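Undergrad: test case, fold it:
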Amino acid sequence: MTAPQAGRLQALRDALAGAGVDGFILQRTDQHGSEYLPAAEQRLAWLTGFTGSAGQAVVLPDAAAVFTDGRYTVQIGIEVDASLFERCNSGDMPPPRWLEERLQPGMRLGYDAKLIRKAEREKLARLCQGRGAELVALTPNPIDRIWTDRPPPPLAPVTAHDESRAGESSVAKRQRMGEAVARRGADWLLVTAADSIAWLLNVRGGDVPYNPLCLSHLLLGADGTARWFVDPAKLQGGTRLDNAVATEPYEALDGALAELGRSGARVLVDPTMNAAGFADILAQAGARVVEGQDPIPLAKARKNPTEIEGALEAQRRDGAAVVRFLAWLDGLDHDHAIDEAAAAERLEAERAKDPLYRGPSFETISAHGPNAALPHYRVTLDTNRKLTAGTVYLVDSGGQYLDGTTDITRTVALGQPTAEVQERFTLVLKGHIALAEAVFPEGTSGSQLDTLARLALWRRGLDFDHGTGHGIGSYLCVHEGPQRIAKRGGDTPLETGMIVSNEPGYYEPGEYGIRTENLILVEEAPAAEGGDRRLLHFRTLTLAPIDRRLIDPHQLTEPERRWLDTYHARVRDELRPLLDDVTGNWLKGATAPL
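TA: Numbering: from 1, shown residues only. Here you go, the predicted structure:
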């Protein structure tokens, strides 16, 4: 690992010196703000060796650092050479603070304007100004100059997502969103997020791993017309769009933005979503840039009745696949154990029996013992462990189905669990139940509810370093915003129709990890007698047993025991018709009253 990264880091420093700059800041992203990247966009991994889904790097003449969040603290220590890069938890050492300590007056810091959102660029510019340094846009990206064997961009075909599954026509969506653009005082909306375009046009693609997306750009007019900037090679499958959607080459966006600028058009740009480089083209050409919230993500997050029904059906069938896997796993002789990779393959095979299944929604986290202490562990040839008895096995997985997207985590006892593991598992379960049972007034955000999932752990001086819940798409992205449940960044109020995950955990480094995850739907709750506020609550969608062997029943209150027994009865009743007799009998035992 060291040799290629060392050479690449030196080559980048040489390229920066040739460009007249002292440093470079690199985000792990693409022009679309994607979480999962095609091979051609994996610049951070190519430069540093870090393969996590969130991170950035800063390179200066005499120092370099890689930053990621608490999910990847252990992984970054394994993948990134400490002799080349400082390895930083961005919660403890944010990139701005690291830069502030090292930038000197007169230094020039380079960046790629199409890989940084406008709001982030503004913060970075203020930081540089405060240190007497200069922020300099570099075109092309200097890494692209030195990455000589960079893969070509993906060209997966686009497919139609039928209105019978979408629940609303593209025409109606574009009309609705166009009216929202007009209310914001704009003529056009710049859309660069691939999942927003997929939702708006009722199309799906295959350009990135795990999420059925086509990488493209779009301009939506206030009248509902659209200009879709997409490689024509992706449209050879006969996907039909109405006449109000004009297709243009992917590379034509810059010219189209300049054209809008010259005409004095008012273009809505979301500084938290759109890359700064696109806003720059508009402004420099004379457009009136209207900064505001893109209306599409929130509309996409509010699932319509058809999408909710699809989610219920997908969760039911996915739950049956998970139960078949868990029953198989429980029947194994762990003295002659299979390994993590084989277990993940078996789970994938169970899901693949469904005719509506289109693939995993993310890379399965199949983690035994100490590997489970890595919240986003990925099995490799070097890390693949046998599932021997004496600890726990954590499996976090999901599926993409034509009618919905799933994400579920279960922690399974392999042999007799220790008292400590039972205690920690039960604390996590108490937090999971507290969030699942929450009733809250309309307007409440995910950050306001996050404490519920942590309180039992906090009382024991424990916690977990990741968010409690993320939004999820409808045969779209497994991680979807703007809503989330977390200590920070979960300020969007939860609304009916939103689906979020409920996944508290606990991780003992080097020993074990615990997480229990269900997806939950925001619904209207019955009115409280004498109350004057509209109330909301959650409906749990995911259906699979929670391992009773890991629970210390003495730690649970009577309402918590009642919740678990009621949930297990529902799992049993809804999944039993989808299972054979042997698996059904196993499920009966796994969901017996506590």
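Undergrad: so where's the chain uncertain?
TA: Where the chain drops to pLDDT under 70, the residues are 1-3, 237-238, 336.
Undergrad: domain-wise, how is it divided?
TA: 2-146, 159-293, 302-590 (automatic domain parsing).
Undergrad: can you tell me the element residue 412 falls in?
TA: strand 408-414 (DSSP states H and E).
Undergrad: helices or strands next to that strand in the packing?
TA: For strand 408-414, the packing partners by 3 or more Cβ pairs under 8 Å, 6 or more residues apart in numbering; DSSP states H and E come out as helix 305-330, strand 391-397, strand 512-515. (Each C-beta comes from the backbone N, C-alpha and C, glycine too.)
Undergrad: what comes up buried for it?
TA: Buried residues in strand 408-414, counted by 16 or more other Cβ atoms under 10 Å: 408, 409, 410, 411, 412, 413, 414.
Undergrad: test my guess that the last one contacts residue 392.
TA: The reference is to residue 414. Yes - using Cβ atoms under 8 Å, residue 414 is in contact with residue 392, at 6.5 Å.
Undergrad: now do the shared contacts for these two.
TA: Common neighbours of residue 414 and residue 392 (criterion: Cβ atoms under 8 Å, 6 or more residues apart in numbering): residue 368.
Undergrad: how far does stretch 283-290 stretch from one end to the other?
TA: Terminal residues of stretch 283-290 are spaced 10 Å apart (Cα to Cα, to the nearest Å).
Undergrad: would you mind putting the buried residues of strand 408-414 into TSV with distance to residue 557 alongside?
TA: Formatted as TSV, the buried residues of strand 408-414 follow (distance: Cβ to Cβ, whole Å):
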residue	distance to residue 557
408	25
409	23
410	23
411	21
412	24
413	23
414	28
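Undergrad: among the residues you listed, which one lies nearest to residue 466?
TA: Distance ranking of these against residue 466, using Cβ to Cβ, places residue 409 first at 11.6 Å.
Undergrad: OK, contacts around that closest one?
TA: 365, 394, 395, 396, 397, 503, 505, 515, 516, 517.
Undergrad: ok, the second one - contacts?
TA: Each residue near residue 394 by Cβ under 8 Å, 6+ apart is listed here: 365, 367, 368, 372, 409, 410, 411, 412, 513, 514, 515.
Undergrad: one more pass at 6 Å, please.
TA: Listed by Cβ atoms under 6 Å, 6 or more residues apart in numbering, the contact set of residue 394 reads 367, 372, 411, 513.
Undergrad: could you confirm the second one falls within a strand?
TA: No - Residue 372 is assigned helix when assessed by DSSP: H, G, I helix; E, B strand; the rest coil, not a strand.
Undergrad: what's the local residue count around it?
TA: Number of residues near residue 372 (other Cβ atoms under 10 Å) recorded here: 28.
Undergrad: could you find the closest non-adjacent residue to it?
TA: residue 513 (3.3 Å; Cβ to Cβ, 6 or more residues apart in numbering).
Undergrad: mind jotting down where the strands sit in the stretch 201-350 of the chain?
TA: For the stretch 201-350 of the chain, the strands defined by DSSP state E, counting those that start in this stretch cover 203-204, 217-221, 226-229, 245-248, 266-269, 288-291.
Undergrad: what do you get for the stretch 401-550 of the chain?
TA: Assigned by DSSP E, counting those that start in this stretch, the stretch 401-550 of the chain shows strands spanning 404-405, 408-414, 439-441, 469-471, 480-485, 499-502, 505-508, 512-515, 518-524, 535-540.
Undergrad: can you list the strands that the last one pairs with?
TA: With DSSP bridges as the test, strand 535-540 is paired with strand 439-441 (antiparallel), strand 518-524 (antiparallel).
Undergrad: most neighbours per residue, which of those strands?
TA: The highest mean neighbour count among those, using mean count of other Cβ atoms under 10 Å, belongs to strand 518-524: a mean of 21.
Undergrad: hmm, who's touching it?
TA: Residues outside strand 518-524 that contact it (Cβ under 6 Å, 6+ apart): 494, 496, 498-502, 536, 538-542.
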